[in-house]
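Student: Give me coordinates for this.
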Amino acid sequence: MRNAAAIEAFLEMMSAERGAAANTLSSYRRDLEDAGEAIGGLAHADTAGIRDYLADISARGFAATSQARKLSVLRQFFKFLYAEGLRADDPTGTLDAPRRDRPLPKTMSEAETSRLLDRAAAEAAERPDDASAARMHALVEVLYATGLRVSELVGLPLSVATRDDRFFIVTGKGNKERMVPLSQKARSAMRGWLARRAGSPAFAESPHLFPAASDTGYLPRQVFARDLKALAARAGIASAKISPHVIRHAFASHLLQNGADLRAVQQLLGHADISTTQIYTHVLEERLMRLVNEHHPLADAPS
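Tutor: Modelled structure (predicted):
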């Protein structure tokens, strides 16, 4: 079967049976035609030819994610040819996908985090009639104390704060509940916000912990992210490096740096799989190296 005919047959199958969108089909076509041009006879390519092609696109500077996407298209193409009896084998069966290095999460130092929280507390104290200052103080304290996802945080119902101020019961991904403890500072900030909230006619009757005049009835996460950057700038921290997700990462990193167990951090973050939490293993490695260097009897003494 000629290359062009094989590609057309594959794309027709992807459209008819898989419902692939026009943009997806165009992307598949480009990837297969690029591979066919490089290999010189895609429909009849062998494993060595495909491996050479993957090495070539790597040398051309394609990112690992792009390489993995191209290999995925080739796998689907040759699986189709095999299933249709157009080939007696699948030459991609023994090929490994390019390794994708996961970037380390952005985070903040403990000193920067303290500066941010102190600024939020100072503004809430300086502006006792400003509900937004009390709300921001509560938001950042709770976020750093619990590591909640921003969507979990802004969407909290009022009921979580009226049961027991020592912890929140949060419903996360997959409707799974988890318990997250609050620090003393977070509890204090929450009490300040609840008092301010109760005195506001616009907020007092809302079922949401952080109500707002929005379609959902609670503070949009984009608004919180914008206000957080403004708070960071006022605290002397580059706003470009701050986001709610960065504070979530700071929560996890600082816990691990100070001796927390990876499994405990997994539970607090609401990760279903420990592999997701393992992006923080670099923090554990640094801590273990420090422990060995400081406490092992055979460690090098400082010069």
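Student: the helices in the stretch 1-150 of the chain, which residues?
Tutor: Taking DSSP state H, counting those that start in this stretch, the helices of the stretch 1-150 of the chain run over residues 3-16, 22-39, 47-59, 64-83, 110-126, 131-146, 150-154.
Student: got TSV for the ones you listed, with mean pLDDT too?
Tutor: Formatted as TSV, the helices of the stretch 1-150 of the chain follow (pLDDT from 0 to 100):
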stretch	mean pLDDT
helix 3-16	91
helix 22-39	91
helix 47-59	88
helix 64-83	89
helix 110-126	97
helix 131-146	96
helix 150-154	95
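Student: tell me the most buried of these?
Tutor: helix 131-146 (a mean of 24; mean count of other C-beta atoms under 10 Å). C-beta: built from backbone N, CA, C; applies to glycine.
Student: what helices or strands is that helix leaning on?
Tutor: helix 110-126, helix 150-154, strand 167-171, strand 177-181, helix 184-198, helix 221-234, helix 244-257 (3 or more C-beta pairs under 8 Å, 6 or more residues apart in numbering; DSSP states H and E).
Student: wait, which of those is closest to residue 96?
Tutor: helix 244-257 (30.0 Å; C-beta to C-beta).
Student: buried ones in that closest one?
Tutor: Neighbour counts using 16 or more other C-beta atoms under 10 Å place 244, 246, 247, 248, 249, 250, 251, 252, 253, 254, 255, 256 of helix 244-257 among the buried residues.
Student: Excluding residues flanking it in the chain, which one is nearest the residue nearest the centre of the chain?
Tutor: What sits nearest the mean C-alpha location of the chain, by C-alpha atoms, centre = their mean, is residue 245, with 7.5 Å. Computed as C-beta to C-beta, 6 or more residues apart in numbering, the closest residue to residue 245 that is not its neighbour in sequence is residue 150, at 6.7 Å.
Student: circling back to that earlier point, and the helices of the stretch 1-150 of the chain as JSON lines, adding distance to residue 189?
Tutor: Formatted as JSON lines, the helices of the stretch 1-150 of the chain follow (distance: least, C-beta to C-beta, whole Å):
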{"stretch": "helix 3-16", "distance to residue 189": "53"}
{"stretch": "helix 22-39", "distance to residue 189": "46"}
{"stretch": "helix 47-59", "distance to residue 189": "50"}
{"stretch": "helix 64-83", "distance to residue 189": "40"}
{"stretch": "helix 110-126", "distance to residue 189": "7"}
{"stretch": "helix 131-146", "distance to residue 189": "4"}
{"stretch": "helix 150-154", "distance to residue 189": "13"}
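Student: Out of these, which is closest to residue 230?
Tutor: Closest among the helices of the stretch 1-150 of the chain, once you apply C-beta to C-beta, is helix 131-146, at 9.2 Å.
Student: Using PDB, write out every CA atom in the closest one.
Tutor: In PDB, the C-alpha atoms belonging to helix 131-146 read as follows (Å, rounded to 0.1, in the frame of the first residue of the first chain):
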ATOM      1  CA  ALA A 131     -14.000  43.600  54.300                       C
ATOM      2  CA  SER A 132     -11.800  42.800  51.300                       C
ATOM      3  CA  ALA A 133      -8.600  43.200  53.500                       C
ATOM      4  CA  ALA A 134     -10.000  40.700  56.100                       C
ATOM      5  CA  ARG A 135     -11.000  38.300  53.300                       C
ATOM      6  CA  MET A 136      -7.600  38.400  51.700                       C
ATOM      7  CA  HIS A 137      -5.900  37.900  55.100                       C
ATOM      8  CA  ALA A 138      -8.100  34.800  55.700                       C
ATOM      9  CA  LEU A 139      -7.600  33.500  52.200                       C
ATOM     10  CA  VAL A 140      -3.800  33.600  52.200                       C
ATOM     11  CA  GLU A 141      -3.500  32.200  55.800                       C
ATOM     12  CA  VAL A 142      -5.900  29.300  55.000                       C
ATOM     13  CA  LEU A 143      -4.200  28.600  51.700                       C
ATOM     14  CA  TYR A 144      -0.700  28.400  53.200                       C
ATOM     15  CA  ALA A 145      -2.000  26.500  56.300                       C
ATOM     16  CA  THR A 146      -3.800  23.800  54.200                       C
END
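Student: picking up where we left off before, need the contact list for the residue nearest to residue 245.
Tutor: Residues in contact with residue 150 (C-beta atoms under 8 Å, 6 or more residues apart in numbering) are 143, 221, 224, 225, 244, 245, 248.
Student: how much space between it and residue 143?
Tutor: 8 Å (C-beta to C-beta, to the nearest Å).
Student: shared neighbours of those two, anything?
Tutor: By C-beta under 8 Å, 6+ apart, the residues touching both residue 150 and residue 143 are 244, 248.
Student: which stretches of the stretch 201-303 of the chain aren't confidently modelled?
Tutor: 275, 281-296, 298-303 (pLDDT under 70).
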